[in-house]
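Chemist: quick one: sequence plus predicted model below, questions after.
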Number of protein chains: 2
Amino acid sequence: MLKGHRTWVFESKPVLLASSAIGGPFEAQGPLADDFDILHKDTWLGQDSFEKAEKKLLEQACEIAIEKAGLKKEDIQFFLSGDLMNQIISSSFTARTLGSAFLGIYGACSSSMEGLALAALIVNSKSAKYALAGTSSHNAAAEKQYRYPTEYGGQKPPTAQWTVTGAGAALLGQEGEGPRITSATIGRVVDMGLSDPFNMGGAMAPAAVDTIEAHFRDLGIDPSYYDIIATGDLGRVGHRIATDLLTDHGLKIPPEIFTDCGILIYGKDQPVMAGASGCACSATVTYGHFINRMKKGEIKRILIVATGALLSPLSYQQKESIPCIAHAVSIEM
Amino acid sequence: MLKGHRTWVFESKPVLLASSAIGGPFEAQGPLADDFDILHKDTWLGQDSFEKAEKKLLEQACEIAIEKAGLKKEDIQFFLSGDLMNQIISSSFTARTLGSAFLGIYGACSSSMEGLALAALIVNSKSAKYALAGTSSHNAAAEKQYRYPTEYGGQKPPTAQWTVTGAGAALLGQEGEGPRITSATIGRVVDMGLSDPFNMGGAMAPAAVDTIEAHFRDLGIDPSYYDIIATGDLGRVGHRIATDLLTDHGLKIPPEIFTDCGILIYGKDQPVMAGASGCACSATVTYGHFINRMKKGEIKRILIVATGALLSPLSYQQKESIPCIAHAVSIEM
């Protein structure tokens, strides 16, 4: 059901039956290592290209989520997935492995919550018994196709962010035990004219703020409703801008509630400049860390605001600014 | 409502309030020229890059559909769009212009019906009053990022297809006058091991057949239910393969019913090898030609089976085969 202009309330509250988080060696050194299902020691995952390694990450995330729910591949009616690769090949090739009906999506790093929102809509409207939402990113593959090939050895400013190597998946069903997807606010494109791809956090912050404001306005609730409100991958720079903007707009969210997956996933000693990014950033932190905390009873209601920078290397070369978006999904115990 | 394993039946029958088709100079020479709303004389559309020209095509398609429906940009709650550009920049930048909430999708040339199916699902479940589905492709832009840069002057075999320069959009609403979206069958990835990007029609034919069979199986109807069953862009080679495969599987569809948008859009005198392709192929033929025929009372029920080749230039370079998909949507008067 639509509330306000762009928030969906899921009356039947689709159940998050199982979720998964896969990471690489760098994620294994971070403070959330215990929340991953698998942490690979090798960024190649035994494959002969980084793209094939990324596909493997996503395939594993899907397999584990399905297995945890006690289901089989054949039970999954719809798979929704997107990633940063050109023509989202990680998702398409994983869909080939899964064999379920496939809805490819793209929202850059907001793909995690775009997929979860649509999967919840599908399950809520009884258009599927089970729907699986997944996403992935791979540091070396994303650097090659989405940013700058690592081989070029380009220096990066302190506002730059580090792409997470990992994948996450969430399996939704109409009935069962688990946290529930209660609402989603779909983002609109916000572009403040920033064009520096090494400061995506700064570019995306206004989009996150726009979606957060729309969420509370559409639902008529306030931030205290949630135990955690986490943006996807604003990093330290973008998080500060988002906090300031929200405060300016009269929506002050206490720091113990307002956080960012791109800040949480790596430790202060890890050389990630302003923090993490990539589709897998919000996916692994949500489907691993936050869901684990919910299951332990530490938190009850979370709002994940996944942020995406909708540029391409080509649009940057053609001097376009960076259109940004954020999709928010609320998960409640 | 889910029927069978992957077909959605839209009980409330969302109304196609308006649709639009924009083309370029080459489309203007084809037999369906009269069905386009705008035909540009210049493939640059006055822009300084082909990518910017493609965005312009999509913006116009959206504007015209909204205008025809007597609505304003602000009335549109959700915009669903995808295209062949890396990181679907045509869609994202058009979403920035529109200002509505945006769900980026990707299904290569099947994006047209993936968007229409999801828009219908959203409207059917009362999750939007109005939803707009759009897609675009541009011959020169697609050759550059999705196939081979035209500047390379590479020769192409007779199985190759010509990317349509154009855009199409369909505006759905809960109530009103117009054709209605009655069901959709979401495709799964089918990959028969073909790896020749110059024969995408051949690669995609089995995916089209798989979705067509699923559609009739899930709904318990047979092909005679429809006046037209049109695949998206199989071209002459793929269409023959699909016809043969369907016949082999005991689902013989008469040639006056079974056709392909990639065959219809260009004349026999146009040098397009096996036919047309590109996201705009099925979009413009459906939203222009077929919808016009429906409004004239010539046809009442159509099934559009948009086909997509989910490869990327990089997956081809890495010797992967081509995962293919097809999404079918039925539109009835």
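Modeler: It's in.
Chemist: hey, let's count contacts and neighbours off CA atoms from now on
Modeler: Will do.
Chemist: got the confidence number for the residue lying closest to A:F258 once chain neighbours are set aside?
Modeler: Once flanking residues are discounted, A:F258 sits nearest to A:I229: 4.9 Å by Cα to Cα, 6 or more residues apart in numbering or on different chains. On the pLDDT scale, A:I229 is placed at 98.
Chemist: check for me that A:I221 belongs to a helix.
Modeler: No: under DSSP: H, G, I helix; E, B strand; the rest coil, A:I221 falls outside any helix and is assigned coil.
Chemist: what's the neighbour count on it?
Modeler: Neighbour count of A:I221, defined by other Cα atoms under 10 Å in any protein chain shown: 11.
Chemist: wasn't the residue nearest to A:F258 part of a strand?
Modeler: Yes: remark: A:I229 belongs to a strand, assigned using three-state DSSP.
Chemist: OK, contacts around it?
Modeler: For A:I229, the contacting residues are A:223, A:257-259, A:302-305, by Cα atoms under 8 Å, 6 or more residues apart in numbering or on different chains.
Chemist: dump those to CSV, plus neighbour count and secondary structure.
Modeler: Listed next are the contacts of A:I229 as CSV, based on neighbours: other Cα atoms under 10 Å in any protein chain shown; DSSP: H, G, I helix; E, B strand; the rest coil:
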residue, neighbour count, secondary structure
A:P223, 19, helix
A:I257, 16, coil
A:F258, 19, strand
A:T259, 24, strand
A:I302, 23, strand
A:L303, 27, strand
A:I304, 28, strand
A:V305, 34, strand
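Chemist: nearest to chain B, of those?
Modeler: For the contacts of A:I229, the closest approach to chain B (Cα to the nearest Cα) belongs to A:V305, at 14.3 Å.
Chemist: for the closest one, give me its contacts.
Modeler: For A:V305, the contacting residues are A:110, A:113, A:208, A:211-212, A:229-232, A:326-329, by Cα under 8 Å, 6+ apart.
Chemist: ditto for A:F258
Modeler: If you count contacts by Cα under 8 Å, 6+ apart, A:F258 has them with A:228-230.
Chemist: try it again at 10 Å.
Modeler: A:F258 is in contact with A:223, A:226-231, A:239, A:242-243, A:252, A:303, counting by Cα atoms under 10 Å, 6 or more residues apart in numbering or on different chains.
Chemist: buried among the residues you listed? Make that a PyMOL selection.
Modeler: To isolate the buried ones among those in PyMOL, judged by 16 or more other Cα atoms under 10 Å in any protein chain shown, type:
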select buried, chain A and resi 223+226+227+228+229+230+231+239+242+243+303
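Chemist: just to revisit the earlier point, state the pair within the contacts of A:V305 that is farthest apart.
Modeler: Spatially, the most separated pair among these is A:S110 and A:I229, at 15.0 Å (Cα to Cα).
Chemist: gap between the residue nearest to A:F258 and chain B?
Modeler: 20 Å (Cα to the nearest Cα, to the nearest Å).
Chemist: which one among the contacts of A:I229 gets closest to A:G187?
Modeler: Closest approach to A:G187 among the contacts of A:I229 (Cα to Cα): A:V305, at 9.4 Å.
Chemist: quick one, grab the pLDDT at the closest one.
Modeler: 98.
Chemist: swap in A:P149?
Modeler: Looking at A:P149, its pLDDT stands at 67.
Chemist: pLDDT score for the spatially closest residue to A:Q174 that is not a sequence neighbour?
Modeler: Spatial nearest neighbour of A:Q174, chain neighbours left out: A:P14 (5.2 Å); criterion: Cα to Cα, 6+ apart. What the model reports for A:P14 is a pLDDT of 98.
Chemist: residues touching A:P14, list them.
Modeler: With Cα under 10 Å, 6+ apart, A:P14 has these contacts: A:119-126, A:129-131, A:171-176, A:178-183, A:331.
Chemist: from what I see, A:Q47 and A:E54 are in contact.
Modeler: Yes: between A:Q47 and A:E54 a contact is recorded at 9.3 Å, counting by Cα atoms under 10 Å.
Chemist: okay, those two: which has more neighbours?
Modeler: Set side by side, A:Q47 and A:E54 give different neighbour counts by other Cα under 10 Å, the larger being at A:E54 (32 against 14).
Chemist: for the more buried one, report the pLDDT, please.
Modeler: Predicted confidence (pLDDT) for A:E54: 98.
Chemist: ramachandran coordinates for the nearest residue in space to it that is not next to it in sequence?
Modeler: Nearest residue to A:E54, sequence neighbours excluded (Cα to Cα, 6+ apart): A:H138, at 5.6 Å. Backbone torsions of A:H138, given as degrees, to the nearest 10, read phi -140, psi 130.
Chemist: in this structure A:H138 contacts A:C109, no?
Modeler: No: taking contacts as Cα under 10 Å, A:H138 lies outside contact range of A:C109: 12.0 Å.
Chemist: tell me the residues on the stretch 201-333 of chain A that lie near chain B, please.
Modeler: Taking Cα under 10 Å from any Cα of the partner chain as the contact definition, the stretch 201-333 of chain A meets chain B at A:211, A:309-315, A:318, A:320-327.
Chemist: out of those residues, which end up buried?
Modeler: A:211, A:309-312, A:314-315, A:320-327.
Chemist: which pair of those spans the longest distance?
Modeler: Greatest spacing in those, by Cα to Cα: A:T211 and A:L314 (26.8 Å).
Chemist: number of residues surrounding A:G250?
Modeler: For A:G250, using other Cα under 10 Å, the count is 10.
Chemist: just the pLDDT for it.
Modeler: Reported pLDDT for A:G250: 95.
Chemist: circling back: inside helices: which ones of the contacts of A:V305?
Modeler: Using DSSP state H, the subset of the contacts of A:V305 located in helices is A:113, A:208, A:211-212.
Chemist: out of the residues you listed, who's the most crowded?
Modeler: Neighbour-wise, the ones in helices among the contacts of A:V305 (other Cα under 10 Å) top out at A:A208, 33 neighbours.
Chemist: so the residue nearest to that residue when sequence neighbours are not counted bridges to which residues?
Modeler: Leaving aside its sequence neighbours, A:A208 sits nearest to A:A326 (Cα to Cα, 6+ apart; 5.2 Å). For A:A326, the beta-bridge partners under DSSP bridges are A:T307.
Chemist: so A:A326 touches A:P206, yeah?
Modeler: Yes: assessed by Cα under 10 Å, A:A326 is found in contact with A:P206 at 9.2 Å.
Chemist: and for the two, which residues touch both?
Modeler: Residues touching both A:A326 and A:P206 (Cα under 10 Å, 6+ apart): A:189-190, A:212, A:307.
Chemist: neighbours around the closest residue in space to A:P313 that isn't next to it in sequence, how many?
Modeler: Computed as Cα to Cα, 6+ apart, the closest residue to A:P313 that is not its neighbour in sequence is A:Y146, at 6.2 Å. By other Cα under 10 Å, 21 other residues sit near A:Y146.
Chemist: tell me which residues touch A:Y146, please.
Modeler: Residues near A:Y146 by Cα under 10 Å, 6+ apart: A:84-86, A:108, A:139-140, A:197, A:311-314, B:86-87.
Chemist: try it again at 7 Å.
Modeler: By Cα atoms under 7 Å, 6 or more residues apart in numbering or on different chains, the contact list for A:Y146 reads A:84, A:312-313.
Chemist: mind listing which of these are in helices?
Modeler: Per DSSP H, helices hold the following members of those: A:P313.
Chemist: how about the contacts of A:Y146 in TSV, adding pLDDT?
Modeler: Formatted as TSV, the contacts of A:Y146 follow (pLDDT from 0 to 100):
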residue	pLDDT
A:L84	96
A:S312	92
A:P313	89
